[in-house]
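Chemist: Please find the sequence and the predicted model below.
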Amino acid sequence: MICLLPAGCGEDGGFPEGSTMARIRDRGVLIVGIKFDQPMFGYKDPASGRITGFDAEMARLVARDLTGGERNIRFVETVSRERENFLTQQVVDIVIATYSITPARSQVVSFSDPYYYAGQDMLVRTNDESIDEVADLKDKTVCTVEGSTSVDRLRERVPSADLEIVDAYSVCVPALLAGRVDAVSTDNTILLGLLAQHSDTLKLVGKPFGREPYGIGVRKQDTAFRDYLNQLIARSLSDGGWDRAFRDTIGVTGVTPDQSRPANR
């Protein structure tokens, strides 16, 4: 039986013996795979070293519930192509890193219910009027990240685009600013974070295509942990935890949750 008390299982120790939840509780630290280069979701502040963003705040909800404190957490940088490996090799307990739920990935790891929905969009230079929708990427050079669903969608929608596939979006932005690529394409909320750092020279096209459900990744077959996370996500949607995390991160850009917020279950 999984403890689902509203006050948080980590406070009363009511997890099944031998479960992942009990091991994390006994260890006293939640180990989280997250991006370090995505403002608004997972970003390591170069001055303070603090990890900020919506994914980081959702991870802190899990740490607080499992260990009794949101500071009982260790973040491990996890680029897109390493997310499955970090789970299967038990480098981390969970991956919460703009991790889109797909059938292929679900063959290797398990996912929680969606905690966020994003749409793929494009970031271009402010003075570029040639790109107004995804079809305009035809014969353009587009930067995106290896291991992301953005790659597959671009290949499907604009097969003639020349894809520059890199390890991290932080590589794409300098290439875009220097004119080496024509656009950066990935989930719109990731692009909003990148835009916030270069609002005078870059712009978001604002024509989302496709819908990405983000889930928390756990090791395959760990159904008890997955079910626990599903309950925690549902609780955050009903008790205001999700809304506070959004308000303090993505919400500072002025965007509203609208299509991003999962329905209460």
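Modeler: That came in fine, so what should we check first?
Chemist: now the spatially closest residue to Arg71 that is not a sequence neighbour: how far from Arg74?
Modeler: Nearest non-adjacent residue to Arg71, counting by CB to CB, 6 or more residues apart in numbering: Ala63, 7.6 Å away. No exception for glycine: its C-beta is placed from N, CA and C like everyone else's. Distance, Ala63 to Arg74, using CB to CB, to the nearest Å: 9 Å.
Chemist: more neighbours, these two?
Modeler: Counted by other CB atoms under 10 Å, Ala63 and Arg74 do not tie: Ala63 has more neighbours, with 24 against 12.
Chemist: which SSE is that one in?
Modeler: Under the criterion of DSSP states H and E, Ala63 resides in helix 54-67.
Chemist: Common neighbours of Ala63 and Arg74, please.
Modeler: Residues touching both Ala63 and Arg74 (CB atoms under 8 Å, 6 or more residues apart in numbering): 30, 32.
Chemist: on that earlier part again, what residues does the residue nearest to Arg71 make contact with?
Modeler: Here Ala63 is in contact with 30, 32, 69-73 (CB under 8 Å, 6+ apart).
Chemist: just curious, which of those residues is nearest to Ala178?
Modeler: Val32 (33.2 Å; CB to CB).
Chemist: Based on its surroundings, how many neighbours for that closest one?
Modeler: If we define neighbours as other CB under 10 Å, then Val32 has 26 of them.
Chemist: is it true that it touches Asp93?
Modeler: Yes. With contact defined as CB atoms under 8 Å, Val32 reaches Asp93; the gap is 6.8 Å.
Chemist: Looks like Ile96 contacts Phe54 (just checking).
Modeler: No. In this structure, Ile96 is not within contact of Phe54 by CB under 8 Å, at 9.3 Å.
Chemist: who's more crowded, those two?
Modeler: Set Ile96 next to Phe54 and count neighbours by other CB under 10 Å: Ile96 wins out with 31 against 26.
Chemist: Please tell me how far the more buried one sits from Asn264.
Modeler: 20 Å.
Chemist: Same check on Val181?
Modeler: With CB to CB as the criterion, Val181 and Asn264 are 40 Å apart.
Chemist: So for those two, which residue has more residues nearby?
Modeler: Val181 (25 against 8).
Chemist: Now do the contacts for the more buried one.
Modeler: Val181 neighbours (CB under 8 Å, 6+ apart): 141-143, 164, 172, 175.
Chemist: so of these, which ones are in helices?
Modeler: Within the contacts of Val181, residues falling in helices by DSSP state H are 172, 175.
Chemist: what's the closest of the contacts of Val181 to Gly42?
Modeler: Among the contacts of Val181, and counting by CB to CB, the member closest to Gly42 is Cys172, at 15.9 Å.
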